[in-house]
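Predicted model follows, preceded by the sequence.
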Protein chains: 2
Amino acid sequence: MTTNTLFETLNPPVRLLMGPGPINAYPRVHQAISSALIGQYDPVMTGYMNQVQSLYRDVFETQNKQTMLVDGTARAGIEAVLVSVLKPGDKILIPVMGRFGHLLCEIAQRVGAVVKTIDIEWGEVCPPELVEKAIKEFGPKMLATVQGDTSTTMNQPLAEIGEICERYDVLFYCDATASIAGNELKIDEWKLDAVSAGLQKCLGGPSGSAPITLSDQCAEVITRRKHIEAGIRADHHTAGSDAIIQSNYFDLAMIMDYWGPERLNHHTEATSMLYAARECARIFLEEGSENVVARHKQAGDAMAKGLQAMGLTLFGNQSYKMNNVVGVYIPEGLDGDKVRQELLLCFGIEIGTSFGPLHGKIWRIGTMGFNARQECVLTTLAALESVLLKHKVKINPGQAVTTAMQHFSV
Amino acid sequence: MTTNTLFETLNPPVRLLMGPGPINAYPRVHQAISSALIGQYDPVMTGYMNQVQSLYRDVFETQNKQTMLVDGTARAGIEAVLVSVLKPGDKILIPVMGRFGHLLCEIAQRVGAVVKTIDIEWGEVCPPELVEKAIKEFGPKMLATVQGDTSTTMNQPLAEIGEICERYDVLFYCDATASIAGNELKIDEWKLDAVSAGLQKCLGGPSGSAPITLSDQCAEVITRRKHIEAGIRADHHTAGSDAIIQSNYFDLAMIMDYWGPERLNHHTEATSMLYAARECARIFLEEGSENVVARHKQAGDAMAKGLQAMGLTLFGNQSYKMNNVVGVYIPEGLDGDKVRQELLLCFGIEIGTSFGPLHGKIWRIGTMGFNARQECVLTTLAALESVLLKHKVKINPGQAVTTAMQHFSV
C-alpha cells in the first residue's frame, strides 16, 4: 500500500470569490475551525452547543427555543425541515421563482407530499394575493418559499405572506440560505415557523453546517412524530402519535433531543463545523444585524451601479434584488464562460455562471460576508472591465469604478 | 441587536480523547481544515475532489470508480447508501450485534425496506452459517452489517460473509465508521458492494464527512433510480427506469454525477471538511495501511493488557475485539460516571460510557488515530489507576503501566 499517490500538501490558491457563493470566509472563522477537538458530551462542548443555540436565536431574530444546527450543507437543513414536518400525502404550497424553488418542490415530492406550485417568471417575486388565493383553493399544511433565490437574484418579501399563513393556519417555511445576513430577516415578526440557512453566503463561513429554527407550533408538529432509536437506552419506544419521520439523519424530533437537556445521542456533532458556525454568528452579532445588512446593501448597490455605469444591463426586477448578488446580462456575442475563466486564471477572481433558462445569458456577481467590502467591489469591476475591453466589448471605460467609489463615499 | 451575548472567543480545553470517538485529530488535519476556501467549480477544487476519490480508493483498498464523500456525519453515509439502494418493500438482512446494528435496521425501516435481523448477543459476532441460512430463507436484496460496533467493541469478520453474498447475488454493505484504519478492511478482496465511514475514529479527523465507496454493481442499482433536478439545465427529465430515491440530499445517483465528469450541481461541497478528509487519507497512506493497523493493534493490545494487569475484567469475546477500543467492566459498587468525570476534569482525559444494556456496566476506552500511541495509553492507564485507588477499589497498583510498557517494547 506504499505505492499510492499521496498528492501534494494542501495549498489552495488565493481567490477572490465574487460569485453567488461559496465566498471567502472571515479570517476569524478559519481560526475557529482549526481549534482542538473535544468530546461530544464534554461539558465544554455541550456548553458550546447551548451558546450556538443562543447565538443563532439572535442571528435569526427569534425567541424560538428550537434553534440548532443540522450537520450538512444548506440543503440538508431544507430536507430536515420538509421531511420532519411533511407526512406522505400532506399538502404543501410552493411559490417557485427560480432554481431553489424547484429544489423545494423536488424535496417535498420525494418525501411524499402533494405539491402545488405558484409559478413566477424568473426575475420576479410572488405577490401575496396569489398566495392567499392558492391557500384558499388548495388548503396546504405548509407554505415553503426561498427568500433569496441566487439563481435569479430576487428577494421575496415575506411579511405579508407570514400574515396570510397565520390567518389560514398554514405553517410557513423559508429557505434563507442565500439571503440571511445580507438582507433583513425577522423570523418572529414575520411569523415564520421554520427557517433554514447555510454558512457559505453572507454569514461568511464554509459550506457544511445548516442553522435552522422552528417555532413552538412547528416543533410540536414534529414532536408528534417522535421516536427513540433502539439500542440507546433500555426503555426505547415510539413516543409520538403520528407517523414516523422517514429519515433518521434528518429526524428533527431526535435532533431536538440531542440539542436539548436530555442530550439523547443521535449523530456525532461535527465539532469543527460547529466551531465555524459559532464564529460566523459572533462576527455577525458583533457588527450588529442592521450594520451587516447595510454593508451588504452598500456593496451590492455599488456593484450594480458600477456594472450599469460600465454599460451593462442588469437582470430581473431591481425593486426586489437581493442586496448580496446581482445578475448582469452577458454582452451579445460574448462567450461568458471564457470571460469567467480569464477572470479566474488571470485575476484570481471568481464570478458566477447561471442555471437553467439563464445559462449563458447572465453572470451572477456576489458581494457577500467578508467580501461585502469596497476593495472587493472595485477590484472586481476593474478586472471585469479589463477583460471586456480585451474582448473589444463596447463599454464605457473608467465609469464603473468611479461610480462605485462615489457610492461608497456617500 | 447589539445587546446580544457574544460569549468568549473559542478556546476549547486540551483533552486527551480516549473514548470510542470522536478523538483528537492529527495536527496536520487542523492545518488542512483551516485552509483558504475556493469556489466549488474552481479547477483546483474539482482537482481536489478527484484526488479525494483517488485517495479513498487507496484507503478502502478498492478499484471502485464510485468513491466519494457524503457531506454529513458518519450516519449520513449510512443513510445515503440505504436510501439510494433500497426501494420501499425491498428486503434487507441485518445481523445485529450492538447499537449500530439497530441503527442500520432503523434507517432501513424508515426508507420502507422489509428488515429481517439476525440477533446476536452483545459481545459476540455473527457466524457466517447464520447468514447463509437467513439468506436462503429470506432472499434479501442486501445484507448490511457493522464491521466494528463500538457499543460492544466487537469486530465482525467479513470475508466469508462476502463470499456468501456473492454466491446468492445479495448486495453486501458494511458500516466501517469505527473500524476503518484501525482494523483490516479489504473492500474488493472481501467482495463488499458498499462501505461507508467517518473521519472521527481511526482516520484521525473531525466528525462531519462520510467517505463512501460503491461497487459497479451497486452503483448500477442506484443509477437505475436516477433523476435530474429541475431548474439546473434545460433538458431535465427523469432518466432512470426505477423508482426515484426518496431523499434528495442522500441521492447517490445525483452525488455520483456531482463527483463525476459531468459535475452536475447538487449540494455545495463542504470545502473545509473535504480538506480535512483529504489530509486524513494522506496521513493514513503515507504511514501505510498495514503499519497504521499494526499501530492500532499494538496500542489497543497494550491498553487491554494493562487493564487486565490492573485487575479489571474485559467485556466481550476477546477473539473478536476491535483493535481500537476495549470494553472494561466497571468495578462492582463504583459509580462509573463519577470516575469518568474525575478523569475528565482532573486529568483532561475522556473515556467512554456505554449504551443500552451495557450502560453503567462497562467503560469503553479507545486508542484511535493520533491517539494510538504509547504515551496516550500509559497516561490513561496511570490516571485511571489513580482515580480507582482514590475510590479504594482493590486493584494491583503499578501493574497496568508496567505491563503496557512491556507490550510496547516487544
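Sure, I can see it. Bear in mind that the values here come from a model prediction, so they are computed numbers and not experimental data.

Going by C-alpha atoms from here, please, whenever you check contacts or count neighbours.
Fine.

neighbours around A:Thr9, how many?
11 (other Cα atoms under 10 Å in any protein chain shown).

residue contacts, it?
Neighbouring residues of A:Thr9 by Cα atoms under 8 Å, 6 or more residues apart in numbering or on different chains: there are none.

how close does it get to B:Met68?
20 Å (Cα to Cα, to the nearest Å).

So which residues of the stretch 201-350 of chain A form strands?
In the stretch 201-350 of chain A, the segments counted as strands under DSSP state E, counting those that start in this stretch are A:210-214, A:325-329, A:349-350.

out of the ones you listed, which comes closest to A:Ala25?
strand A:349-350 (14.4 Å; Cα to Cα).

Please name the strands paired to that closest one in the sheet, noting orientation.
Taking DSSP bridges as the criterion, strand A:349-350 forms sheet pairs with strand A:16-17 (parallel).

Which SSE is immediately downstream of the partner strand?
Once the chain leaves strand A:16-17, the next helix or strand it forms, by DSSP states H and E, is helix A:27-33.

on that earlier part again, a markdown table for the strands of the stretch 201-350 of chain A, including mean pLDDT?
As requested, the strands of the stretch 201-350 of chain A are exported to a markdown table (pLDDT from 0 to 100):
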| stretch | mean pLDDT |
| --- | --- |
| strand A:210-214 | 98 |
| strand A:325-329 | 98 |
| strand A:349-350 | 98 |
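
Format the ones you listed as TSV; extra columns: mean neighbour count.
Shown next, in TSV, are those (neighbours: other Cα atoms under 10 Å in any protein chain shown):
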stretch	mean neighbour count
strand A:210-214	27
strand A:325-329	26
strand A:349-350	25
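
Ok, which of these comes nearest B:Leu130?
B:Leu130 sits nearest to strand A:210-214 of all the strands of the stretch 201-350 of chain A, at 42.4 Å, using Cα to Cα.

Run through the neighbouring helices and strands of that closest one.
For strand A:210-214, the packing partners by 3 or more Cα pairs under 8 Å, 6 or more residues apart in numbering or on different chains; DSSP states H and E come out as strand A:66-70, helix A:74-85, strand A:194-196.

Relative to B:Pro27, which of these is closest?
Once the helices and strands packed on strand A:210-214 are compared by Cα to Cα, strand A:66-70 is nearest, at 25.8 Å.

Adjacent strands (with direction) for the closest one?
Each strand paired with strand A:66-70, and its direction, by DSSP bridges: strand A:210-214 (antiparallel).

relative to helix A:74-85, how tilted is the partner strand?
Between strand A:210-214 and helix A:74-85, the angle comes out at 30 degrees (axes from the mean of the first three to the mean of the last three Cα atoms, to 10 degrees).

Can you give the distance from strand A:210-214 to the centre of its chain?
From the chain centre to the centre of strand A:210-214 is a distance of 11 Å (Cα atoms, centre = their mean, to the nearest Å).

and the strands of the stretch 201-350 of chain A as JSON lines, adding distance to A:Lys186?
As requested, the strands of the stretch 201-350 of chain A are exported to JSON lines (distance: least, Cα to Cα, whole Å):
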{"stretch": "strand A:210-214", "distance to A:Lys186": "12"}
{"stretch": "strand A:325-329", "distance to A:Lys186": "20"}
{"stretch": "strand A:349-350", "distance to A:Lys186": "31"}
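
about what we covered before: can you put the helices and strands packed on strand A:210-214 in JSON lines and add mean pLDDT?
Formatted as JSON lines, the helices and strands packed on strand A:210-214 follow (pLDDT from 0 to 100):
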{"stretch": "strand A:66-70", "mean pLDDT": "98"}
{"stretch": "helix A:74-85", "mean pLDDT": "98"}
{"stretch": "strand A:194-196", "mean pLDDT": "98"}
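
Adding mean neighbour count, write the ones you listed out as CSV.
Shown next, in CSV, are these (neighbours: other Cα under 10 Å):
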stretch, mean neighbour count
strand A:66-70, 27
helix A:74-85, 27
strand A:194-196, 28
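
right, so of the ones you listed, which gets closest to A:Gly336?
Per Cα to Cα, nearest to A:Gly336 of the helices and strands packed on strand A:210-214: helix A:74-85, 27.5 Å.

I'd like to check what contacts that closest one. Which residues are they?
With Cα under 8 Å, 6+ apart as the test, helix A:74-85 has contacts from A:70, A:104, A:107-108, A:111, A:175, A:177, A:194, A:196-199, A:207-212, A:218, A:221-222, A:225, A:245-247, A:250-253, B:247-249, B:267-268.

Restricted to buried residues, select those residues in ChimeraX.
Remark: buried members of those, expressed as a ChimeraX selection using 16 or more other Cα atoms under 10 Å in any protein chain shown:
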select /A:70,104,107,108,111,175,177,194,196,197,198,199,207,208,209,210,211,212,218,221,222,225,245,246,247,250,251,252,253 /B:247,248,249,267,268
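
Chain B contacts on the stretch 51-200 of chain A?
A:51, A:55, A:58, A:71-76, A:79, A:98-100, A:102-103, A:106-107, A:110-112 (Cα under 8 Å from any Cα of the partner chain).

what's the angle from the longest helix along chain A to strand A:325-329?
Ranked by residue count, the top helix of chain A under DSSP state H comes out as helix A:289-310. Interaxial angle, helix A:289-310 versus strand A:325-329 (the same axes, to 10 degrees): 10 degrees.

picking up where we left off before, right, and the helices and strands packed on strand A:210-214 - which one's nearest A:Leu384?
helix A:74-85 (29.7 Å).

Past that closest one, which element shows up next along the chain?
Counting by DSSP H and E, the next helix or strand C-terminal to helix A:74-85 is strand A:91-96.

surely A:Glu269 meets A:Asp42?
No. Using Cα atoms under 8 Å as the test, A:Glu269 is too far from A:Asp42 to be in contact (11.8 Å).

Between the two, tell me which one has more neighbours.
Comparing A:Glu269 with A:Asp42 by other Cα under 10 Å, the one with more neighbours is A:Glu269, at 25 against 15.

where in the stretch 151-300 of chain A is pLDDT low?
Low-confidence segments of the stretch 151-300 of chain A, defined by pLDDT under 70: A:229-239.

right, is stretch A:254-266 up against chain B?
No. On the criterion Cα under 8 Å from any Cα, stretch A:254-266 is out of touch with chain B, staying 9.0 Å away.

Please identify the buried residues of that stretch?
Neighbour-count burial for stretch A:254-266 [16+ other Cα under 10 Å]: A:Met254, A:Ile255, A:Met256, A:Asp257, A:Tyr258, A:Trp259, A:Gly260, A:Leu264, A:Asn265, A:His266.

Any figure for the gap between the second one and A:Gly148?
Between A:Ile255 and A:Gly148 the distance is 26 Å, computed by Cα to Cα.

A:Phe7 touches B:Gln51, doesn't it?
Yes. Between A:Phe7 and B:Gln51 there is a contact at 7.3 Å, judged by Cα under 8 Å.

of the two, who's got more company?
The neighbour count for A:Phe7 versus B:Gln51, taken as other Cα under 10 Å, is higher for B:Gln51 (18 against 13).

element containing that one, please.
helix B:43-59.

who does that helix touch, helix- and strand-wise?
Packed against helix B:43-59 by the contact rule (3+ Cα pairs under 8 Å, 6+ apart) you find strand B:66-70, helix B:271-287.
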